[in-house]
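S.K.: Predicted model and sequence below, questions to follow.
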Amino acid sequence: MKLFPLSLQPIRDSRVKRRSFSKLRFITVFLILISFAIGEALMLANHYHSDTIPPQLINAFVFYWAIAAGGYSLFETVYIRWKYEKPMNQMSVATKQVAEGNFSIKLKPRHSEEHLDYLDVMFLDFNTMVEELSSTEMLKQDFISNISHEIKTPLAVIQSYITLMQSDTISAEQRKEYADTIYHATEQLTTLVTNILRLSKLENQSICPVAQPYDVCRQLSDCVMSFADKLEEKQIDFSAEIEDRVFVIADESLIEIVWNNLLQNAIKYTEQGGQINLSQRSDYDSVTVQIADNGCGMDSATVKHIFEKFYQGDTAHAKEGYGLGLALTAKIIALSDGKIQVTSAPGKGSVFTVQLHRQA
């Protein structure tokens, strides 16, 4: 993970309620300064009219305000310790525990919701951060578990069928069938490893997109043709509305991955005999592509996390997938300075919308 410098500026959080204690401290300091001014005036008066102001009065006045200033300083020390030092120590201990892998930590705000201060808001944001980290860590652990299983399965298939192919008793048809099975298993492994490497390189910025004008209409048509066999196999009613020629400014090879992933997802989650519609339109400065299907759809919780790494909305693993395709897609779109959105509902299908910059 690469760290980038952040420009931190003071912000006003709407959750924070202004507390009256800051005004009280201002008034107290103001009174102390006024008292010292009066004391100075009295000493000057005593210097010029020593017969009118007793020295005992001036000494008592100075002593009184010295006690007041000392008491205020003590109060400020205790207040700062309670207000800032203690909660920051709590934050430090909690941060250390999170760094050690404990994601069950929660910091309780010291004030009610109606009287939150900035430290309370910091605690609430810390709790939100820990929840997100916990969710990501669980997804990562699930991914590692799932990916181990997914890797073992094709490897076991390859090993078994290679063993069968070594037999002299199998026919030529069986040998070809076994070879096709092995080829399919290696395709699965290749797709998995390729997506992992691509996503890793994009996140580490090892791949720098080279944005150049190219015809996105031709690219969309080529991508659709590459899925012709799968569309025919599932008897999917596919329709496309694409302009003749429109140029976008992006990395052609990376955007091709986007269309392939979105089309593959649409085919995967569309039932036999379903429908998929691809539409493309353009305006003065952008090109919008929509891929809609009438498949199983997703609920709002799945839509919220659909572009995250390691996330698989199909928890029953009824469909193929490793939770990387859409994460890779979103990363490419972000690096291309584009936008991607999804609308979906269970049983009503999904619509993925991609927007890219058009060549002027």
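M.R.: Sure, I can see it. As the structure is a prediction and not an experimental result, all values here were calculated from the model.

S.K.: contacts, neighbours, all on C-alpha from now
M.R.: Noted.

S.K.: before we move on, which element is Thr191 in?
M.R.: helix 172-203 (DSSP states H and E).

S.K.: Give me the helices and strands touching the helix or strand following that helix, please.
M.R.: Using DSSP H and E, the helix or strand that follows helix 172-203 in sequence is strand 212-215. With contacts defined as 3 or more C-alpha pairs under 8 Å, 6 or more residues apart in numbering; DSSP states H and E, strand 212-215 has these neighbours: strand 247-250.

S.K.: what packs against the helix holding Thr191?
M.R.: Using 3+ C-alpha pairs under 8 Å, 6+ apart: helix 172-203 touches helix 118-165, helix 325-335.

S.K.: quick one: terminal-to-terminal distance for stretch 335-342?
M.R.: 18 Å (C-alpha to C-alpha, to the nearest Å).

S.K.: So what touches it?
M.R.: 209, 211, 250-251, 303, 330, 333, 350-357 (C-alpha atoms under 8 Å, 6 or more residues apart in numbering).

S.K.: Tell me the buried residues in it?
M.R.: 335-336, 338-340, 342 (16 or more other C-alpha atoms under 10 Å).

S.K.: next one: stretch 164-183
M.R.: 165, 175, 178-179, 181-182.

S.K.: Taking the residues you listed, tell me the two that lie furthest apart.
M.R.: Met165 and Thr181 (11.4 Å; C-alpha to C-alpha).

S.K.: mean confidence for stretch 298-305?
M.R.: Mean pLDDT, computed over stretch 298-305, is 85.

S.K.: quick one: low-confidence parts of the stretch 201-350 of the chain?
M.R.: 203-207, 309-323 (pLDDT under 70).

S.K.: Helices along that one, start to end?
M.R.: Per DSSP state H, counting those that start in this stretch, the stretch 201-350 of the chain carries helices over the ranges 216-226, 228-233, 252-268, 300-305, 325-335.

S.K.: Name the residues that touch the longest one?
M.R.: Among residues not part of helix 252-268, those counted as contacts by C-alpha under 8 Å, 6+ apart are 209, 211-212, 214, 219-220, 223-224, 227, 230-231, 276, 291-293, 295, 319-320, 325-326, 328-329, 332-333, 352.

S.K.: That one versus helix 325-335: what angle between them?
M.R.: Orientation check (axes from the mean of the first three to the mean of the last three C-alpha atoms, to 10 degrees): helix 252-268 against helix 325-335 gives 150 degrees.

S.K.: just how off-centre is helix 252-268 within its chain?
M.R.: Mean-position distance between helix 252-268 and its chain equals 22 Å (C-alpha atoms, centre = their mean, to the nearest Å).

S.K.: what's the answer for the last one, then?
M.R.: Centroid separation between helix 325-335 and its chain, computed with C-alpha atoms, centre = their mean, is 12 Å.

S.K.: Just the buried positions in it, please.
M.R.: 325-333, 335.

S.K.: The residue nearest to Arg198 when sequence neighbours are not counted: what's it in contact with?
M.R.: Leaving aside its sequence neighbours, Arg198 sits nearest to Leu328 (C-alpha to C-alpha, 6 or more residues apart in numbering; 7.5 Å). By C-alpha under 8 Å, 6+ apart, the contact set of Leu328 is 195, 198-199, 258.

S.K.: Buried only: go through these for me.
M.R.: Judged by 16+ other C-alpha under 10 Å, buried ones among the contacts of Leu328: 195, 198-199, 258.

S.K.: And Asn294, how far from Leu262?
M.R.: 14 Å.

S.K.: scratch that, Tyr269 is what I was asking about
M.R.: With C-alpha to C-alpha as the criterion, Tyr269 and Leu262 are 11 Å apart.

S.K.: Kindly report the same for Cys208.
M.R.: Taking C-alpha to C-alpha, one finds Cys208 at 22 Å from Leu262.

S.K.: Between these two, which is the more surrounded one?
M.R.: Taking neighbours as other C-alpha atoms under 10 Å, Cys208 and Leu262 compare with Leu262 leading, 20 against 11.

S.K.: Give me the pLDDT value at Glu173.
M.R.: For Glu173, the model assigns a pLDDT of 88.

S.K.: same check, this time on Ser14
M.R.: pLDDT at Ser14 comes out at 58.

S.K.: go on, Met43?
M.R.: Met43 is given a pLDDT of 63.

S.K.: With Ala360 instead?
M.R.: On pLDDT, Ala360 comes in at 67.

S.K.: Not counting its neighbours along the chain, what's nearest the residue positioned nearest the centre of the chain?
M.R.: Nearest residue to the geometric centre of the chain (C-alpha atoms, centre = their mean): Glu308, 7.2 Å. Spatially, and ignoring its direct neighbours in sequence, Glu308 is nearest to Ala327 (5.3 Å; C-alpha to C-alpha, 6+ apart).

S.K.: now the one you found: how far from Cys296?
M.R.: Taking C-alpha to C-alpha, one finds Ala327 at 20 Å from Cys296.
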